[in-house]
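Enquirer: Output the structure for:
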Amino acid sequence: MHLSPAHSAHPQDPGDEQLAYAADLLGLLADRTRLVLLHTLGGGEADVTTLTDTCGAARPAVSQHLAKLRLAGLVTVRKEGRRMVYALPDGHLRRLVSEALNLADHHLGSPSASRGEVDPLV
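Expert: Here you go, the predicted structure:
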């Protein structure tokens, strides 16, 4: 996966509407459970059971987080039999979550960096 260089800026100065939307979006991402859910969905579709197992939270809490993300238009859901399968609708959010985690690696020191591995997303 190729990510834009960090020096590449938004092509124009954002207006109040863009800034407000971005602030709301970042507010939704400012929760560990939602970040884990989005990171997991960045790898492909998953049902609630898989997502619950991945993030280690209680199923009702995971369902509430997914509902917030769905209402915000950040995830999509489809029914497959009795299962609800969630996905990311596009790559923008996946890249944003990936960049946030890359920044965390940069500031905290990546476990893969200490083993001499190279992160392909950087």
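Enquirer: Who are the contact partners of the spatially most central residue of the chain?
Expert: Most central in the chain under C-alpha atoms, centre = their mean is Leu38, positioned 3.3 Å from the mean C-alpha point. In this structure, Leu38 makes contact with Leu29, Leu69, Leu74, Val75, Leu88, Leu93, Arg94, Val97, judged by C-beta atoms under 8 Å, 6 or more residues apart in numbering. Bear in mind the C-beta positions are built from the backbone N, C-alpha and C, glycine included.
Enquirer: helices or strands up against the helix of greatest length in the chain?
Expert: Longest helix in the chain by number of residues (criterion: DSSP state H): helix 91-108. Packing contacts for helix 91-108, counted by 3 or more C-beta pairs under 8 Å, 6 or more residues apart in numbering; DSSP states H and E, involve helix 16-29, helix 32-41.
Enquirer: Next, the angle from that helix to helix 32-41.
Expert: Orientation note: helix 91-108 sits at an angle of 120 degrees relative to helix 32-41 (axes from the mean of the first three to the mean of the last three C-alpha atoms, to 10 degrees).
Enquirer: Helix 91-108 vs helix 16-29, what angle?
Expert: What separates the directions of helix 91-108 and helix 16-29 is an angle of 60 degrees, with the same axes, to 10 degrees.
Enquirer: in helix 91-108, what's buried?
Expert: By neighbour count, and taking 16 or more other C-beta atoms under 10 Å as the criterion, the buried residues in helix 91-108 are Leu93, Arg94, Arg95, Leu96, Val97, Ser98, Ala100, Leu101, Asn102, Asp105.
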